[in-house]
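Colleague: Test case, fold it:
(2 chains)
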Amino acid sequence: MDIYVLGLAMVPARKRIADERLEEIVFSVTRAALDNAGVERAQIEQVTLAACDELDGRSISSMLLAMPAGAYLKDEMKCTDSGLTGLCLGAMRLASGDFDLGLVVSWNKSSTAPFEDVMRMRAEPFYTRPIGLNAAIADGLFASAVAAAHGISEDDASAAVLTQSRHAAHNARRAPGALPSASGIAGSPYVAVPLRQGHRAQVTDGGVAFVLASGDWLARHPSAQPLARIAGLGWSVDKYNLGRERLSSLGSFRDAHGRALAMAGIYDSALSVYELDSQTGYHAAAYAKALDAVDPDAIAPSGGPFAQNPYFCMGLINAAEAVLQVSDQAGNVQRKAVGWAAAHGCYGYAQQGNAVAIFEGL
Amino acid sequence: MPKQHVAVVGVGQMPFRTHHADKNYVELAQTAAQAALSHAGLTPDDVDAVVFSMAPTQFMGVNDCDKWASEYVWATGKPFMRVSTGGATGGSAFQAGYQHIASGMFKCVLVVGADRVAETPDAQHVLNLIWDRFYEHDFALNTVTMTALAAQRYMHRYNVTEEQFARVVVRARRNAAGNPYAHLTKQVTVDDVMNSPRVSYPYKRFDICPRSSGAAAVVLCDEATAKRAKCGRPAWVRGATGISHSVFMGDRMTYWSDTEFADHDGFNLCAKECYRQAGIIDPLHDIQVAEIYDPFSTFLFPQLESLGFCARGAAAAIHDEGGFDLEGGILAVNPSGGTLCTNPIGVTGLVRAADAALQIMGEAGTNQIKGVHNAVATAIGGSTQFFTCTVLSDDHS
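Modeller: Below is the predicted model:
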């Protein structure tokens, strides 16, 4: 794909950002991404937003947030699946040939959203809502299914949390706060057996913005210095109903991963970094098994959601971390000689949807 | 210039009603998807990706209802995403589907959506929630009162009367009578409109669209796939643009404003670029059909003016003379009856594009306009702030 990341910015992660309104957060991160890219808003031709009305607490939240995201009198579109899906759409919009320079902006002020209420209302009203399905229970069902199918024990899940948390400890971009300990995980209550509270990544506030440019734009601006090429994109969706096969097969994850690899024209083994959106230790362990051809040390060097977890845009945060890796700007969590890096995002009940982006260093 | 030409080869709709008691949400979506694929002579296996069109989910009460519907529109194991830009959602979803293919990443995309606006007892209460909770919720701002403010300003600027808006309703109902999918088809007179209950000046009840339930879908594909679809006359996407404006209405009506709130003139920018893409030089000469997003009788005139079909302030007089009628006019406007007669909000913009495509295909039934080469479809969302403009054509060269 002849589309490039020209610049990016992330909101400094915090458990709760109490001193800024959401539109101020979105404005700040968009402004920072434009500065990072060295372009002005006037040069931007299209803006792609990725946001969730329900988590924003406002129907059509883009009414308020499109403008601080740079979209005033620009061609703007919003997708509601996840931040990383927004990157897929934004990149396609540029690749269509109708635009050369665009923004992708996503956010989640998780601290102000009644998270589990929003998730409960995602359940259809006939069967799953009456039984009280929410994100915790869906993740518990996922944990149970992958434990049975892939032999993932509670200790495996706890170890995966500790590994990602160790990575997060080195990440200067992580949200401040105590990291989990083995005893803390083991002593935490079950939220949905076999899932313990300590297995879950805690949601944080955050946001992220990318400036994307076409190859044609770069040819016309030879002094511009892109950070990475978007080499591969894949996204896919599973069935809605949470049957054992659906939960344990990681079907849409494998599909998205395969599509992104095929588009990039590489094999798993070429990936030096794989930033995973693993919302629980069971997810981390299950994805790692699915990525058995990827170097285990390449997985989630940033700490993933255990470093920061603005839930809706976590996949795009991962994309930012992956781009920092291929551009040798990842700081304390930088891996050596990263030529290709993948970023993963997931969304929907028990990760019904998955997206993967692969970036190539330049 | 797109990397691949993109065509509409299949359209699926269903009769829109206040309620569909015989189908749940996902069954509505499936009905439209099946109809569009059947129309195209294609199967779910031919579809590479799916774009779902759905605006605020609060209308029907299931967050992320698209994920519930995904399996029913045969999206499992495929790229699937939902697009939402308020009332403009259907227009944006259509354009996202176009961009999927124009990018070269996909060959055949299903764009589908469904809405059940009347599931909520009061849609305007939900639409009050689009506003700021601290400053705007409490003074009953919703889409009716919001657009009434713009209508009053338009009337003041251009000396347009309530009776002239009432004639828009009469013409829309007349056209809707020929559309088997239209929601409101009962014929009305200017007096009927003028005597219907006052809602918010200048609106009476008949100036306002219904709350519709139903679904719509289109099949978009590249040139090679279009050749094996059963569509004899594809509708090619020649222009696809959008403009996002400020949420703050007051900022759009000052001396220093970039555009004028009453004129819907986000469309000035949107249409200018869309026409450039499509090679449209003289809209009135080059375009034969306009499917305009008009949930209120007051939406038609400013849009037709901003789209370049007539001078600013002139649309009402032309309309009075029958200039936008299906026969004998200068432009056939909303042969389907438009949004005034059918408004399933999450898919309304998609319905506009679907109806425009049927006109290009020559399959619009009773209301087919003769000799249609180009058609324009619009959508509007948010605080009259999100605008989409799409030009379809019988020719992609």
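
Colleague: alpha carbons only for contacts and neighbour counts from here, please
Modeller: Will do.

Colleague: for the stretch 1-150 of chain A, which spans come out with low pLDDT?
Modeller: Across the stretch 1-150 of chain A, not a single residue meets the criterion (pLDDT under 70).

Colleague: Walking through it, point out its helices one by one.
Modeller: With helices called from DSSP state H, counting those that start in this stretch, the stretch 1-150 of chain A shows them at A:22-37, A:53-56, A:62-65, A:83-95, A:115-120, A:135-150.

Colleague: tell me what the fifth one is packed against?
Modeller: For helix A:115-120, the helices and strands in contact under the criterion 3 or more C-alpha pairs under 8 Å, 6 or more residues apart in numbering or on different chains; DSSP states H and E are helix A:53-56, helix A:135-150.

Colleague: roughly how far out does the longest one sit from the chain middle?
Modeller: Using C-alpha atoms, centre = their mean, to the nearest Å, we find the averaged C-alpha position of helix A:135-150 to lie 20 Å away from the chain's own average C-alpha position.

Colleague: Report all helices and strands that the helix or strand that that helix is followed by contacts.
Modeller: For helix A:135-150, the succeeding helix or strand toward the C-terminus, using DSSP states H and E, is helix A:154-169. Judged by 3+ C-alpha pairs under 8 Å, 6+ apart, the packing partners of helix A:154-169 are helix A:182-187, helix A:281-290.

Colleague: picking that back up, looking at the helices of the stretch 1-150 of chain A, which one is packed in the most?
Modeller: Burial among the helices of the stretch 1-150 of chain A, expressed as mean neighbours by mean count of other C-alpha atoms under 10 Å in any protein chain shown, is greatest for helix A:83-95, which shows a mean of 29.

Colleague: Using JSON lines, please lay out the helices and strands packed on helix A:154-169 together with distance to chain B and mean neighbour count.
Modeller: Compiled in JSON lines, these are given as follows (distance: least, C-alpha to the nearest C-alpha, whole Å; neighbours: other C-alpha atoms under 10 Å in any protein chain shown):
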{"stretch": "helix A:182-187", "distance to chain B": "31", "mean neighbour count": "14"}
{"stretch": "helix A:281-290", "distance to chain B": "17", "mean neighbour count": "23"}
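
Colleague: Now the ones you listed in a markdown table, please, with extra columns for mean pLDDT.
Modeller: Putting the helices and strands packed on helix A:154-169 into a markdown table (pLDDT from 0 to 100) gives the following:
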| stretch | mean pLDDT |
| --- | --- |
| helix A:182-187 | 96 |
| helix A:281-290 | 96 |
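
Colleague: Make CSV out of those helices and add distance to A:Val29.
Modeller: Putting the helices and strands packed on helix A:154-169 into CSV (distance: least, C-alpha to C-alpha, whole Å) gives the following:
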stretch, distance to A:Val29
helix A:182-187, 33
helix A:281-290, 28
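
Colleague: Could you check the ones you listed and tell me which one is nearest A:Val203?
Modeller: A:Val203 lies closest, by C-alpha to C-alpha, to one member of the helices and strands packed on helix A:154-169: helix A:281-290, at 14.4 Å.

Colleague: So which other helices or strands are in contact with that closest one?
Modeller: Where contact means 3+ C-alpha pairs under 8 Å, 6+ apart, helix A:281-290 is packed against helix A:135-150, helix A:154-169.

Colleague: okay, the angle between the last one and helix A:281-290?
Modeller: The reference is to helix A:154-169. For helix A:154-169 against helix A:281-290, the angle between stretch directions is 90 degrees (axes from the mean of the first three to the mean of the last three C-alpha atoms, to 10 degrees).

Colleague: Helix A:154-169: which residues count as buried?
Modeller: Neighbour counts over helix A:154-169 (16 or more other C-alpha atoms under 10 Å in any protein chain shown) mark A:154, A:156-169 as buried.

Colleague: ok, back up a step: wait, which of the helices and strands packed on helix A:281-290 is closest to B:Ser213?
Modeller: With distances scored as C-alpha to C-alpha, the stretch of these nearest to B:Ser213 is helix A:135-150 (29.2 Å).

Colleague: ok now stretch A:12-32, how far from the chain's centre?
Modeller: If you compare the mean C-alpha spot of stretch A:12-32 with that of the full chain, they lie 17 Å apart, counting by C-alpha atoms, centre = their mean.

Colleague: Same question for stretch B:363-376.
Modeller: Taking C-alpha atoms, centre = their mean, the mean C-alpha location of stretch B:363-376 is offset from the chain mean by 16 Å.

Colleague: What residue in the stretch 51-200 of chain B comes nearest to chain A?
Modeller: Residue of the stretch 51-200 of chain B nearest chain A, by C-alpha to the nearest C-alpha: B:Ser103 (3.8 Å).

Colleague: Name all residues that make contact with that residue.
Modeller: Going by C-alpha atoms under 8 Å, 6 or more residues apart in numbering or on different chains, B:Ser103 touches A:92-97, B:2-4.

Colleague: So what's the residue count around the closest residue to chain B within chain A?
Modeller: Minimum separation of chain A from chain B (C-alpha to the nearest C-alpha) falls at A:Ser96, amounting to 3.8 Å. By other C-alpha atoms under 10 Å in any protein chain shown, 22 other residues sit near A:Ser96.
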